[in-house]
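Enquirer: with the input below, show me the fold.
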Amino acid sequence: MLLYDDLVDFYLLLDPASDHEREATSYRDAFARHIALGSAATLLDLGAGAANNAAVLARSFGPLTLVDRSTPMLGLAARALPAAERVVGDLRMVRLGRSFDAVLVHDAIMYMTTEDQLAQAIATAFVHTRPGGAAVFAPDVFRETFAEAVETHEGDEGERALRALSWTWDPDPSDTTFVTDYAFLLREGTAMRSAHDRHVEGLFPRATWTRLLERAGFEVGGFERPLDDGVSFDEMFICRRPT
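Expert: Residues are numbered from 1 along each chain as shown. Take a look at the predicted model:
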């Protein structure tokens, strides 16, 4: 996907860090109901991307470990959290050989397009959550809440500027995927270029998520995450690994 590779220099114009304050705060509050936060608490962010959420959570945790399969995106994360450990890895199969007080799995989980892939990612989170620790799973959408949508985006920083349209749609409602197509206009100085980037993402019923989380060994609960409109919420998973 171009957005996480060739276009990474424009990523924060599409998804600025400032947009994540309320979202990441909801994750922190969910963790706080299950574990003690503070300088000794460890956090693993699976699919960390540019570390927009982790940068907020860093105020309430000690050591942070960021995993992402995109080296360029981890380069962005290094700007936000230079002291954090960064690991290039696939969240379906990475194994670090240690466990953490808290594990965060947010929108990268959407790139799991089959039940087997989703189960693999959940298993990764489970084996890295210490007994008595907690994991947050934050899928963008469930089968029950999916709706076709079109959004426009814009951002400017220095000589770089971005204008984009994203179109989320489902070519085949009978399978477990949907598509988000991005059309980008990108300006750097006086040079203009365009790009099309297609993201194929997973779409599962809430019951499938709950079944796979419980099968992995988690005790499954929920919490509310604020949406971009500032008034609405959706429900995420807060999962505890039993002692």
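Enquirer: neighbours of His106, how many?
Expert: Applying other C-beta atoms under 10 Å, we find 25 residues neighbouring His106. (Glycine included, C-beta is placed from N, CA and C.)
Enquirer: from memory it sits against Ala125, does it?
Expert: No: between His106 and Ala125 there is no contact, the gap being 11.4 Å when judged by C-beta atoms under 8 Å.
Enquirer: surely Lys98 forms part of a strand?
Expert: I think there's a mix-up here, since residue 98 is Arg and not Lys. No: counting by DSSP: H, G, I helix; E, B strand; the rest coil, Arg98 is not part of a strand but coil.
Enquirer: for it, grab phi and psi.
Expert: phi -150, psi 170 (degrees, to the nearest 10).
Enquirer: which residues sit in contact with it?
Expert: Contact analysis of Arg98 by C-beta atoms under 8 Å, 6 or more residues apart in numbering lists His128.
Enquirer: pLDDT score for it?
Expert: With respect to pLDDT, Arg98 scores 98.
Enquirer: do the one 4 residues further on as well
Expert: Turning to Ala102, the model gives it a pLDDT of 98.
Enquirer: what about it, which helix or strand?
Expert: strand 100-105 (DSSP states H and E).
Enquirer: any idea of the mean pLDDT in whatever helix or strand comes next after that strand?
Expert: Next along the chain after strand 100-105, taking DSSP H and E as the criterion, comes helix 115-127. Helix 115-127 comes out with an average pLDDT of 98.
Enquirer: just stretch 212-224 next, same as before
Expert: 97.
Enquirer: that stretch spans what distance, first to last residue?
Expert: End-to-end distance for stretch 212-224, by C-alpha to C-alpha, to the nearest Å: 20 Å.
Enquirer: okay, now the domains of this protein?
Expert: Residue ranges of the domains in the chain are recorded as 2-141+205-240, 143-202, according to automatic domain parsing.
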